[in-house]
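In: my questions concern the predicted model and sequence given below.
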Amino acid sequence: MSDAKPRTWTVIGLTAPAYLWLAVTVLLPLSAMLFFSFLTVAPFGLETPALTFTNYLDFIHQDFLHTLTERSLMLGVWVTLCCLLLGFPAALALAKHVKGRWREALFLLVVLPFWSNALVRVFSWTMVLREGGMVDRLIHDVVPGAPHLDLLFTYWAVVIGVVHSYLPYVILTCYISLQAIDDSLLDAARSLGAPGYKVFLRIILPLSVPGIAAGTILVFVPVIGSFMEPRILGGPRSFMLGNVIEDQFTVVFNWPLGAALSFILLGIVLVVLAACYPFLRKNLQGMA
Amino acid sequence: MSVVEIDKVVKRYDSVTALAGVTLTFADGEFFGLLGPSGSGKTTLLRAIAGFIKPDKGQIRLDGRDIGRTPVHRREIGMVFQNYALFPHLNVFDNIAFGLSVRGIRKAEQVSRVGEILSLVRLAGMERRTPRQLSGGQQQRVALARALVTRPKLLLLDEPLGALDKRLRQQMQIELKQIQREVGITTVFVTHDQEEALTLSDRIAIFNEGQIVQSGRPSEVYERPKTAFAANFLGDANFFEGRVAARGRVATEWGYLATNDDLPPQGQPVMLAVRPEKITIGPAAPVGASLGNRLTGHLAQAVYSGMSTTYRVTVGAREVIVFEQNRGDHVFGPGETVSLAWLPTHSVVVTP
Amino acid sequence: MNRVWSLSLRIYLGLVLGFLYVPIVVMILMAFNQSPLYELPIVWSTVWFENLPLNERLIDASINSVALATANTVVATVLGTMAAFAFARYEFRSKPLLRLLLFPPITIPWLITGTSMLVFFFWVGIGRGLHSLLLGHVALSLPYVIVVVGARLKSFGPVYEEAAATLGASPWQSFSRVTLPLMAPGVVAAALFAFAISFDQFVISYFLAPPGQTTLPVEIYSAIRKGFTPEVNAISTIIIVVSMGLMLLFARFYKFGGER
């Protein structure tokens, strides 16, 4: 309780540099790209561009793009589901069944790979999954006559690689939520006669919804924009929307189309965020 | 050392009035207690004196000078915070010397002054310890030493003993009072604990909803509360409502009650407050006629607490609380018919 | 029943951990494998590490990465700490809005952020290059720095600064002698975080780095797409060890899981 009525200049002085930086590097570029998405050609060459909806209409008309978008979304869905199914029990184990120094140490171990280079990890998966790679060899060591397993350049390779990349996110957010559940709540429920599974369904699960929602967003949003993993692990058969966008900027140089597709992707992201917002509202204060 | 005048200070936060025009003077060398429930404005006033809050209206003067525009670090005050706020990254010496070092005082003098103040608070030799290594009582003394070493004009204490356990608190109350007397510094402290307020203060002020309900010496305020709130907040009280009858008596549903205070005109409603310890409890036979007020009732509950017993006596439709020191007299049991009596001087007229 | 459940959950956790470390372990093993085609069984050798200094492209890219990460750390930590301090110690009406504005860089897919930066920088003449990379990396790091330092500041409240003021310390003295030392672990943690973010950053670098001025991740990507040299394994191992080492340090300075 005090008059934290600042000299306004102090506050401006402290926050302006950071936010100006963000404005120039995030806000303005996004606006520029929005503008670009309505142009016929990029305004760098000899042609003078005109305003048009063609880029967006292309998306609506081209089935090929629909397929890709669907594929990207489905990847998002599959990966998110796998991450949740695999990650939540791990988070539960860590939050409620491991005590003391082990907990800190294991938590660190879980989060650590997440901070190693994503590219390098994905690349490593190629060695594991390809024909002659680790998995193949392992199977042959155990069952000599089995057919060769070449998981590389399949959809599932992409899923495995992406799930591996984003699993720690989900474990992290679920862990934070689960760990905040007071043990005495669970004891109280049990003393009132609730069997184990009911304690889980009616207390643990509802209270971990914010963590689950946060994890969902942290996984789904980046995944639908993936291009690196599909290209490295999936090959040409697993082309995603992200790859199309990537190509517009690096190969085809049709920047307006790339911009339009980016914004369509962004639109999808915003829809997802809006849908999850009610689950997150309570927790958002603590996060930032 | 210093006189502090609070002159009609007002502070509002949106729709909440934290201070509604408070006027008060702290005399030189006085140990003044601000008492009241949470949200009553006492902490707001303390922080306004410190400079963390700027009043919307009114003045705060230190030795006659308006300090409203003086920033906190120039006000020459010393303050002890509720959880002591000892700098965790500094040891005891550096904590206490902090105020000296920011003023550029030379190291040699720092050492001597810190040593001096540590002896005063009876913590000599603890210079090298860190706050984490100190007990609650020791931290409190370091916080006090830190506030005093700069020789401020005014000492402010925010719930100074709140974090200590009962025994330690009682001990610290005595020590705090001694130190304050020795140093002679004008001291203002905030508390919600009425016992603490009574023990430490030379004078107290009771706050409620941003205003001072009553101020004065502890014995005055305790014995002669002016309002029901004051009577109830500082100690316990039994309240009797009635109408003024003839010859200084009050007609109540339990009979006539006598008081020595000034009464409103005959026929007006009036409320009397009687402290539980002023009431004598005896067997159902009438007690000596010298006691002017007498009621008969049934004992509902007796709570024995070693030194004393608290009785709850049903008189008519209400309960009267009686507090009796344990002199080994007869202890009454539930259901017994008892007689209650007290002197007219102990019926205090209060505003509801 | 409870014990069985607890035990199986813990075993499961172990399996998940194993899964998480598979690529890392494989990477390290392969880096020490003599065979250039990843043939098993593993023949122990450090030849690829020895060959590294000879691969000029990789070395240049490494230097770029480290320099960029260092610059990013300095800029992002300073700007972010200032902003975090304003958030933690002052009240102002635009606070909720500003807090919200921290989210776009983290929630928008990096693909979009990267391509939009490319578009905008080209348009206004900044173009591609290490300077654009710096612009991009700092933008990504800022939200994380602000959150980390902010959390540290929140953990000790303004009471120490108030105490310093009552003792006669001017706002600057209070900041430099009290706030700064107390805030230091958070700032160090944020700096380590910023370094790791920049060092590992791939997507933004991919779009903003011109040929000849690439960072390590981008260089590795092209190598992979070409069907690369095994030195990439060696350098990848080094990168992984560095990143994880940084994160271990980070954890020491900023205890996770709210155990402070």
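Out: Looks like it arrived, so ask away. Residues are numbered from 1 along each chain as shown, chains lettered A, B, ... in the order given.
In: any low-confidence regions in the stretch 1-150 of chain C?
Out: Within the stretch 1-150 of chain C, the segments meeting pLDDT under 70 span C:1, C:35-42.
In: how many other residues sit next to the residue in the stretch 1-150 of chain C that chain B sits nearest to?
Out: For the stretch 1-150 of chain C, the residue positioned closest to chain B under CB to the nearest CB is residue C:91, at a distance of 11.8 Å. Bear in mind the C-beta positions are built from the backbone N, C-alpha and C, glycine included. When neighbours are defined as other CB atoms under 10 Å in any protein chain shown, residue C:91 has 12 of them.
In: quick one: secondary structure of it?
Out: coil (DSSP: H, G, I helix; E, B strand; the rest coil).
In: same question for the one 5 residues further on.
Out: Counting by three-state DSSP, the backbone at residue C:96 sits in helix.
In: next: the one 3 residues further on.
Out: For residue C:99, the assignment made with three-state DSSP gives helix.
In: isn't it up against residue C:84?
Out: No. Between residue C:99 and residue C:84 there is no contact under CB atoms under 8 Å: 11.1 Å.
In: and the helix or strand that residue A:167 is a member of, average pLDDT?
Out: Here residue A:167 is covered by helix A:155-179, with elements defined by DSSP states H and E. Averaging pLDDT along helix A:155-179 gives 87.
In: show me where chain C has helices.
Out: For chain C, helices defined by DSSP state H occupy the ranges C:2-31, C:47-51, C:56-89, C:95-101, C:103-107, C:110-124, C:130-156, C:159-166, C:171-174, C:180-200, C:203-208, C:216-226, C:231-253.
In: just confirm yes or no for the fifth one near chain A.
Out: So that's helix C:103-107. Yes. Counting by CB under 8 Å from any CB of the partner chain, chain A is contacted by helix C:103-107 at C:103-105, C:107.
In: and the residues you listed as CSV, adding distance to residue B:346 and neighbour count?
Out: CSV is the format used below for the residues of helix C:103-107 next to chain A (distance: CB to CB, whole Å; neighbours: other CB atoms under 10 Å in any protein chain shown):
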residue, distance to residue B:346, neighbour count
C:103, 67, 14
C:104, 72, 17
C:105, 73, 20
C:107, 71, 17
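In: how about residue 21, what does it touch?
Out: The chain I'm using is chain A. C:79, C:135, C:138-139, C:142 (CB atoms under 8 Å, 6 or more residues apart in numbering or on different chains).
In: oops, wrong one, chain B.
Out: Contacts of residue B:21 (CB under 8 Å, 6+ apart): B:8-10, B:57-58, B:211.
In: burial count for residue C:84?
Out: Using other CB under 10 Å, residue C:84 has 28 neighbouring residues.
In: thought it was touching residue C:143?
Out: No. In this structure, residue C:84 is not within contact of residue C:143 by CB under 8 Å, at 10.5 Å.
In: helix or strand: which one has residue B:108?
Out: Using DSSP H and E, residue B:108 falls in helix B:107-120.
In: in that helix, what's buried?
Out: B:110, B:113-114, B:117-118, B:120 (16 or more other CB atoms under 10 Å in any protein chain shown).
In: tell me how far residue B:141 lies from residue B:161.
Out: 12 Å (CB to CB, to the nearest Å).
In: next: residue B:231.
Out: 24 Å.
In: how about residue B:236?
Out: Residue B:236 is 22 Å from residue B:161, by CB to CB.
In: and if you look at residue B:106?
Out: When residue B:106 is compared with residue B:161 (using CB to CB), they lie 35 Å apart.
In: likewise residue B:277?
Out: 24 Å.
In: likewise residue C:50?
Out: Distance from residue C:50 to residue B:161, by CB to CB: 70 Å.
In: out of the two, which sits in the more crowded spot?
Out: Of the pair residue C:50 and residue B:161, residue B:161 is the one with more neighbours under other CB under 10 Å, namely 25 against 11.
In: does that one sit in a helix, a strand or a coil?
Out: Strictly by three-state DSSP, residue B:161 counts as coil.
In: quick one, what contacts it?
Out: B:140, B:169, B:172-173, B:176, B:191, B:193, B:196 are the contacts of residue B:161 under CB under 8 Å, 6+ apart.
In: for the closest residue to residue B:125 other than its chain neighbours, give me its contacts.
Out: Nearest non-adjacent residue to residue B:125, counting by CB to CB, 6 or more residues apart in numbering or on different chains: residue B:118, 7.6 Å away. Contacts for residue B:118 were tallied using CB under 8 Å, 6+ apart; they are B:92, B:96, B:124-127, B:145.
In: can you flag the buried ones in those residues?
Out: By 16+ other CB under 10 Å, the contacts of residue B:118 give B:92, B:96, B:126-127, B:145 as buried.
In: with adjacent residues omitted, what lies nearest to the residue in the stretch 101-250 of chain C that chain B sits nearest to?
Out: Per CB to the nearest CB, residue C:167 is where the stretch 101-250 of chain C lies closest to chain B, at 3.6 Å. Closest residue in space to residue C:167, ignoring its immediate chain neighbours: residue B:99 at 3.6 Å, by CB to CB, 6+ apart.
In: may I have the secondary structure class of the one you found?
Out: Assignment for residue B:99 (three-state DSSP): helix.
In: now it: how far from residue C:177?
Out: 11 Å.
In: same deal with residue A:94?
Out: From residue A:94 to residue C:177 the distance is 40 Å (CB to CB).
In: give me the more crowded residue out of the two.
Out: residue A:94 (27 against 20).
In: pLDDT score for the residue of the stretch 151-288 of chain A found nearest chain C?
Out: Nearest residue of the stretch 151-288 of chain A to chain C, counting by CB to the nearest CB: residue A:225, 3.0 Å away. For residue A:225, the model assigns a pLDDT of 85.
In: what's the answer for residue B:175, then?
Out: 88.
In: kindly report the same for residue A:151.
Out: The model's pLDDT for residue A:151 equals 68.
In: and residue B:141, by the same measure?
Out: 91.
In: again with residue A:144
Out: Taking residue A:144 on its own, its pLDDT is 66.
In: now do the buried residues in the helix or strand hosting residue A:70.
Out: Residue A:70 belongs to helix A:63-96 when elements are defined using DSSP H and E. Residues A:65, A:68-69, A:71-73, A:75-76, A:78-80, A:82-84, A:86-96 are the ones in helix A:63-96 that count as buried (16+ other CB under 10 Å).
In: likewise for stretch A:50-57?
Out: For stretch A:50-57, by 16+ other CB under 10 Å, it's A:54-56.
In: need the contact list for residue C:28.
Out: If you count contacts by CB under 8 Å, 6+ apart, then residue C:28 has C:237, C:240 around it.
In: same question, residue B:189
Out: B:31-34, B:156-160, B:200-201.
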